[in-house]
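In: Fold the following for me, if possible:
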Amino acid sequence: MDDLEFRKKAVIDPNSQDPKFLKKTRQSQNNRRFVEQQQSFNQQIQNTLKLSTPENLSDRIILNQQLFQHKHHTTQKRHHQWRNWLVGSVAASLILAFSLNLIFPGTQNSALLARQVVEHVKNDTHALNVQMSVPKSRIDTMLASYGGKLNGPIGQVSFLGHCIVGGHTGVHMVLQTSNGVVTVLLLPSQRISHEFMLNDKQLSGIIYPSKKGSIAVASEQIEAIEKTRQNIDQHLNWII
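Out: Numbering: from 1, shown residues only. From the prediction side, this is the model:
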């Protein structure tokens, strides 16, 4: 089982008991870490699917509307209705806030996310060692799953895969540029308020806000970073 087949298997079925898959998993720490990340991601999905709708939610919403429509009645009744409406509104607001937090995660701390990006890039050495030419069709399919689309070339992509940074999934790309190898992480679920430089002995780079989430660009060659960022900003569109 080659590396590409292994990572594809890990994304599709990280709990597979296929002997070839298990043997490949044990070959290196990076392989084990990648499988563990995919297993963790699958578990997050399963936990999310187990979330149930609050009991009697529809009845509570209907009751709240009825109380609001009759608030012009007597002072005593208006007072009673106001109290019930207030209680119902607080409950509905809490439910709404919880739901929005699941769909649109809050703004992340830029410095913390930058450290998580550096750690991920340094640990996932496999991505830097893969030497292949990823077809545009595969890039389009990957980006579409996150609501993204490329309107132009961004360079030769030698690695493409899912990644987990700070507990959220994103897209991990490695580009071969004339100035050196560059890692690009698209993190559509993690919004930050301002750009932040990646400071590390081995890596340089930047993480910055995007139309959807944030984008990180990292490389050992400083001169490769800005050109890659320009290409990404020019040709990547978020359509959802």
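In: Please pull out the lowest mean pLDDT helix or strand from this structure.
Out: Ranking every helix and strand in the chain by mean pLDDT, DSSP states H and E puts helix 75-103 at the bottom, with a mean of 52.
In: May I see the domains of the protein written out as residue ranges?
Out: Structurally, the chain divides into domains by automatic domain parsing as follows: 3-49, 57-103, 107-238.
In: Quickly, which of those bottoms out on average pLDDT?
Out: Lowest mean pLDDT of these: domain 57-103, a mean of 56.
In: Tell me which stretches of this protein form strands.
Out: Counting by DSSP state E, the chain has strands at residues 107-108, 148-150, 156-165, 168-177, 180-187, 191-192, 196-199, 204-209, 214-219, 236-238.
In: for these, which one sits closest to residue 120?
Out: Smallest distance to residue 120 across the strands of the chain (C-beta to C-beta): 5.1 Å, for strand 156-165. All C-beta spots, glycine's among them, are computed from the backbone N, C-alpha and C.
In: okay, the closest one in PDB with CA atoms only?
Out: Below are the C-alpha coordinates for strand 156-165, written out as PDB (Å, rounded to 0.1, in the frame of the first residue of the first chain):
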ATOM      1  CA  GLN A 156       2.100  23.000  -8.800                       C
ATOM      2  CA  VAL A 157       0.300  21.200  -6.000                       C
ATOM      3  CA  SER A 158       2.400  18.200  -4.800                       C
ATOM      4  CA  PHE A 159       0.200  17.300  -1.900                       C
ATOM      5  CA  LEU A 160      -3.500  17.800  -1.100                       C
ATOM      6  CA  GLY A 161      -5.400  16.400   1.900                       C
ATOM      7  CA  HIS A 162      -7.700  17.200   4.900                       C
ATOM      8  CA  CYS A 163      -6.100  18.400   8.100                       C
ATOM      9  CA  ILE A 164      -7.200  19.000  11.700                       C
ATOM     10  CA  VAL A 165      -5.900  22.200  13.300                       C
END
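In: ok, and what's touching it?
Out: Strand 156-165 has contacts (C-beta atoms under 8 Å, 6 or more residues apart in numbering) with 7, 11, 37-38, 40-41, 113, 116-117, 120, 124, 127-128, 130-134, 138-139, 142, 169-177, 181, 185, 187, 190.
In: Repeat that for stretch 3-10.
Out: With C-beta under 8 Å, 6+ apart as the test, stretch 3-10 has contacts from 1, 16, 18, 21, 24-25, 31, 34-35, 38, 126, 130, 132, 161.
In: Go through it and flag the buried ones.
Out: Neighbour-count burial for stretch 3-10, counted by 16 or more other C-beta atoms under 10 Å, picks out 3, 6, 7, 9, 10.
In: Give me the distance between the last one and residue 132.
Out: Spelled out, it's residue 10. Residue 10 is 17 Å from residue 132, where distance means C-beta to C-beta, to the nearest Å.
In: Over to the second one?
Out: When distances are taken as C-beta to C-beta, residue 6 and residue 132 turn out to be 14 Å apart.
In: swap in residue 39?
Out: Computed as C-beta to C-beta, the residue 39 to residue 132 distance reads 25 Å.
In: Over to residue 25?
Out: 21 Å.
In: Looking at those two, which one has more neighbours?
Out: Using other C-beta atoms under 10 Å as the criterion, residue 25 and residue 132 rank with residue 25 on top: 21 against 13.
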